[in-house]
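# okay, sequence plus prediction incoming.
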Amino acid sequence: MTRESKPSGKPGKSPVFVPPERGGLAAGLYILATPIGNARDISLRALEVLKGCDVIAAEDTRVTAKLLAIHGISRPLIPYNDHNGQQIRPQILSQLERGGLVALVSDAGTPLVSDPGYKLVREAIAAGANIVVIPGPSAVLAGLTLSGLPSDRFLFAGFLPSRAGERKGALEKLKGVRATLVFFESAQRLTESLEAMADVLGDRPAAMTRELTKLHEEVRRGSLRDLAAHYAKAGAPRGEVTLLVGPPLEASTDDAKVDAALKAALAFMPVKAAAEMIAGLTDGSRKALYARALELKDGAKN
């Protein structure tokens, strides 16, 4: 049964579709996370939505059909992916406008991560549809948890370009990011990417994770060059790869050498110029070096 939309009653808010009930589930677009490997990792809430929805929009209907079969669920499936997204979105939005309940799933993990789901969510929000998230598995968070790398700040960088020049350019832009970097990578390009990362980012600590939550799960930790050397010898691993790279290594500055350099510079140039020159050579703080240069100069007078 179709229900008409009505205003939310809140100034400045888009209309919210008033849905029929389906076992306690309101109509709307449900962003639903599915297992990244182990089928038992699906949540009870996710199973309720999959059983109660009108249709499931799936990245690959064949993959989702297998998951549904494991849990004894039979619901209509439509493909929604990079290739057909522009054509399918109007159909999904029409279903939502009529008071439908649509579940959006990817092949594995949380939708909107490296898939076109965000475009659908953006248009559904603009249309005033009800948006619900059913959180769950994520290869990004699972890999980060297992890596042993700093997890207080991280950046998901998706897939690197396949061409060497473009890949180098993308890494150059990430070089200064002070956070753990998370990439999805093709197993066949793993060695090539690890070598490029070591060349551009420096030989940082890293972790290669693959087949997370599956029978042959593997986590290999080491420096970028160590990992590159290992896979150059062992060959490409099998399965889905999530690659994590630690933040830039903090450069240790030898205070005695900095003082010696400042004293040498102060012998023939003003304090400000000396501080700026040494800052440029050491990547140190201009402000801190200026203050230290003043101390050295005053000490020399006394």
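All right, it came through fine.
# what about residue 198, how many residues nearby?
Residue neighbour count, defined by other Cβ atoms under 10 Å, stands at 20 for residue 198. Glycine gets a C-beta too; all of them are placed from N, C-alpha and C.
# so who does the residue nearest to it when sequence neighbours are not counted touch?
Once flanking residues are discounted, residue 198 sits nearest to residue 224: 3.9 Å by Cβ to Cβ, 6 or more residues apart in numbering. The contact partners of residue 224, by Cβ atoms under 8 Å, 6 or more residues apart in numbering, come to 194-195, 197-198, 201-204, 206, 245.
# now do residue 224 against residue 245, distance only.
Plainly put, residue 224 is 7 Å away from residue 245 if you go by Cβ to Cβ, to the nearest Å.
# who touches both of these two?
Contact criterion Cβ under 8 Å, 6+ apart; residues bridging residue 224 and residue 245 by contacting each: 197, 201, 204, 206.
# of these, which belong to strands?
Cross-referencing the shared contacts of residue 224 and residue 245 against strands under DSSP state E gives residue 206.
# okay, domains of the protein per the record?
28-137, 140-245, 255-301 (automatic domain parsing).
# tell me, which of these is the model least confident about?
Ranked by mean pLDDT, the domains of the chain bottom out at domain 255-301, with a mean of 84.
# pull the residues that contact the strand or helix carrying residue 96.
Per DSSP states H and E: residue 96 is located in helix 85-97. When contacts are defined by Cβ under 8 Å, 6+ apart, helix 85-97 is touched by residues 5, 17, 27-29, 54-55, 57, 78-80, 102, 116, 119-120, 123-124, 127, 129-130.
# just checking, which of the residues you listed belong to helices?
With helices taken from DSSP state H, the overlap with these comprises 119-120, 123-124.
# next, the contact list for residue 199, please.
For residue 199, counting by Cβ under 8 Å, 6+ apart, the contacting residues are residue 168.
# tell me which element it falls in.
Taking DSSP H and E as the definition, residue 199 sits inside helix 190-201.
# how far off centre is that helix?
Distance, stretch centre to chain centre, for helix 190-201: 19 Å (Cα atoms, centre = their mean, to the nearest Å).
# got it, and stretch 182-189?
On the basis of Cα atoms, centre = their mean, stretch 182-189 sits 13 Å off its chain's mean C-alpha point.
# which residues does that stretch contact?
Residues outside stretch 182-189 that contact it (Cβ under 8 Å, 6+ apart): 114, 139-140, 143-144, 154-160, 162, 193, 210, 236-245.
# drop anything exposed from those residues.
For the contacts of stretch 182-189, a burial check counting by 16 or more other Cβ atoms under 10 Å picks out 139-140, 143-144, 154, 156-157, 160, 193, 210, 237, 240-245.
# looking at the residues you listed, which are in strands?
154, 156-157, 210, 241-245.
# that older thread, nearest to residue 149 among the ones in helices among the contacts of helix 85-97?
For those, the closest approach to residue 149 (Cβ to Cβ) belongs to residue 119, at 31.2 Å.
# residues near that closest one, how many?
Residue 119 has 15 neighbours, counted by other Cβ under 10 Å.
# ok, now which ones touch it?
Counting by Cβ under 8 Å, 6+ apart, residue 119 touches 85, 89.
# got it, and residue 258?
So residue 258 contacts 278, 282, 284, 289, 292 (Cβ under 8 Å, 6+ apart).
# residues of the helix holding residue 199 that come out buried?
Quick answer for helix 190-201 (16+ other Cβ under 10 Å): 190-198, 200-201.
# strands along the stretch 1-150 of the chain, start to end?
Using DSSP state E, counting those that start in this stretch, the strands found in the stretch 1-150 of the chain span residues 28-32, 55-58, 77-79, 101-105, 131-134.
# leaving out chain neighbours, which residue sits closest to the spatially most central residue of the chain?
Taking Cα atoms, centre = their mean, the centroid of the chain lies closest to residue 156, which sits 2.5 Å from it. Nearest residue to residue 156 in three dimensions, chain neighbours excluded: residue 182, at 4.8 Å (Cβ to Cβ, 6+ apart).
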